[in-house]
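[1] how would this look folded up:
(one chain, ligands or ions: 1)
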Amino acid sequence: MMEAIYERPGNTDVIKIKEGEETKLNTGEVMVNAEFGSVNHVDIWGRMDYPWHKFPRRFGSDLSGTINDPGISSVLKKGDRVLLYPIKFCGSCERCLSANENSCSSRALYGDHVPGFFAQMVNVPEKNIIKLPENVSLETAAALPVAYTTAWHVLVDRIGLRPGINVLILGGSGGAGIAALQIARAFGARVFTTTSQQWKSERLIKLGAEGIFKIDDKLPENVLKLSGGIDVVFDTLGSLGVPLGLKCLKKGGKLTSIGMTTGYEFNFNLRDIYSNNIDVIGAYLGTRSDLFNLIRAVSSGAIKPVIDSLFPFEEVAKAQEKMENRTHFGKILLKF
Ligand SMILES: [Zn+2]
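    Residues are numbered from 1 along each chain as shown. So this is what the prediction gives:
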């Protein structure tokens, strides 16, 4: 059973594909044969020397596969096609019992805080398994858990998208940015987005973006001119995005933050928030229900995840380098 690990903090040379130990199923767990995975920024951050990162550690958060051993499950059987929900949650705290697993008091992300999914076989709690409808392929499903579920959680669950509202996506050509664009368009929102690369602009327009902007000091003025003002900012950038995003919002608008590809510290003027009645919404991935509803949206044809490329699992280092070099558009998949 081969698995992908980070030996220590560092660049992609710390990635090793090695023989892993097969472990026995604990009560309540099922064994999954890996089929497809996908790469996320969180995998790259996983190589950083953060205090909560233990090395060596198996990484990977997005995985689809088939049931190898259903354990004591009365619902799952060998061969079932499944997708893994990537948050470890207790299932019995106040937040879990109100279907907010992404706020569980003992929450951990597989691949970041606890060993991840990138192995030919993984044991996971049955409560993390979602069976796939026949018309959703294992390949497509592997694109969904981190990037698409986060975007769905923010825009559908927390914002409650409506037709005609103006959404500005900051970091528009990343995985979550493209997911946000597709979801917002599926709900009839007007979408304005950002990228610094011309070829990506053309792809974003094809997906339904009404305006494409560069991240610079003129962003608020340019966005206002084209959109008339923004109702929701979907920020993936952090330091570079939030202060500019605040200047683009209408009074009563909503600023959402799902990550920080450009850093997490910045200065802003608090008056931009209180005097304009701005709601600030932070989101860490999404809930099981978000992932389930997203799978239904894919099954219905409302959302078609954008796939950039497919690498053999053994070439996961090359796949991560492609993401770091920003030469991709859409999800980078791995075949196990
Ligand atoms: Zn919990």
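[2] what are the contacting residues of the helix or strand where residue 42 lies?
    Element membership of residue 42 [criterion: DSSP states H and E] is helix 41-45. Helix 41-45 has contacts (CB atoms under 8 Å, 6 or more residues apart in numbering) with 59-61, 109, 111-112, 146, 174-175, 259, 261, 320, 323-324. C-beta here means a position set from N, CA and C on the backbone, and glycine is covered the same way.
[3] between the residues you listed, which is nearest the ion?
    When the contacts of helix 41-45 are ranked by distance to the ion (CB to the ion), residue 109 comes first, at 13.8 Å.
[4] burial measure for that closest one, as a count.
    Using other CB atoms under 10 Å, residue 109 has 18 neighbouring residues.
[5] number the chain from 11, please
    Noted, 11 is the first residue going forward, which turns the last one into residue 119.
[6] got a list of what it touches?
    Counting by CB under 8 Å, 6+ apart, residue 119 has contacts 52, 71, 96-98, 295.
[7] likewise residue 128?
    Residue 128 neighbours (CB under 8 Å, 6+ apart): 13-14, 44, 47, 68-70, 73, 121, 323, 326, 344.
[8] tell me the confidence at it?
    Looking at residue 128, its pLDDT stands at 98.
[9] mind checking how far the helix holding residue 52 is from the chain centre?
    Counting by CA atoms, centre = their mean, to the nearest Å, helix 51-55 is centred 11 Å from the centre of its parent chain.
[10] after that helix, which helix or strand is next?
    On the C-terminal side of helix 51-55, the closest following helix or strand by DSSP H and E is strand 67-68.
[11] hmm, who's touching that next one?
    With CB under 8 Å, 6+ apart as the test, strand 67-68 has contacts from 13-16, 30, 56, 121, 125-129.
[12] which one (most neighbours) among those?
    residue 128 (29 neighbours).
[13] care to break the protein down by domain?
    12-153+316-345, 157-292 (automatic domain parsing).
[14] make JSON lines from those and add distance to residue 300 to it.
    Conversion of the domains of the chain to JSON lines gives the following (distance: least, CB to CB, whole Å):
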{"stretch": "domain 12-153+316-345", "distance to residue 300": "8"}
{"stretch": "domain 157-292", "distance to residue 300": "5"}
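[15] which of those domains sits closest to the ion?
    Using CB to the ion, the domains of the chain put domain 12-153+316-345 closest to the ion, at 3.2 Å.
[16] from the chain's centroid, how far away is that closest one?
    On CA atoms, centre = their mean, the centre of domain 12-153+316-345 falls 12 Å from that of its chain.
[17] wait, does it contact the ion?
    Yes. Using CB under 5 Å from the ion, we find that domain 12-153+316-345 touches the ion at 99-100, 103, 106, 114.
[18] among these, the buried ones, what's the ChimeraX command?
    Applying 16 or more other CB atoms under 10 Å to these, the buried members can be selected in ChimeraX as follows:
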select :99,103,106,114
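[19] filter the residues of domain 12-153+316-345 next to the ion down to the ones in helices?
    Under the assignment DSSP state H, these contribute residue 106 to helices.
[20] report pLDDT for residue 274.
    Residue 274 carries a pLDDT value of 87.
[21] SS state for it?
    Three-state call for residue 274 (DSSP: H, G, I helix; E, B strand; the rest coil): coil.
[22] that one against residue 249, yeah?
    Yes. Residue 274 lies in contact with residue 249 (CB atoms under 8 Å); the separation is 6.6 Å.
[23] neighbour-wise, which of those two wins?
    Each of residue 274 and residue 249 had its neighbours counted (other CB under 10 Å), and the higher figure belongs to residue 249 (14 against 11).
[24] and that one, what pLDDT?
    Per-residue confidence (pLDDT) for residue 249: 93.
[25] residue 261 - that's part of a strand, no?
    Yes. Under three-state DSSP, residue 261 sits within a strand.
[26] show me the contacts for it.
    Residue 261 makes contacts with 286-287, as judged by CB under 8 Å, 6+ apart.
[27] from residue 119, how far off is it?
    Residue 261 sits 35 Å away from residue 119, going by CB to CB, to the nearest Å.
[28] and if you look at residue 308?
    22 Å.
[29] and for residue 272?
    Distance from residue 272 to residue 119, by CB to CB: 21 Å.
[30] next one: residue 313
    Going from residue 313 to residue 119 by CB to CB gives 23 Å.
[31] and for residue 193?
    From residue 193 across to residue 119, the span is 21 Å (CB to CB).
[32] next one: residue 320
    Taking CB to CB, one finds residue 320 at 24 Å from residue 119.
[33] flag every buried residue along stretch 49-66.
    Across stretch 49-66, burial judged by 16+ other CB under 10 Å covers 49-54, 56-57, 63.
[34] likewise stretch 75-87?
    Those would be 75, 77-81, 86, for stretch 75-87 by 16+ other CB under 10 Å.
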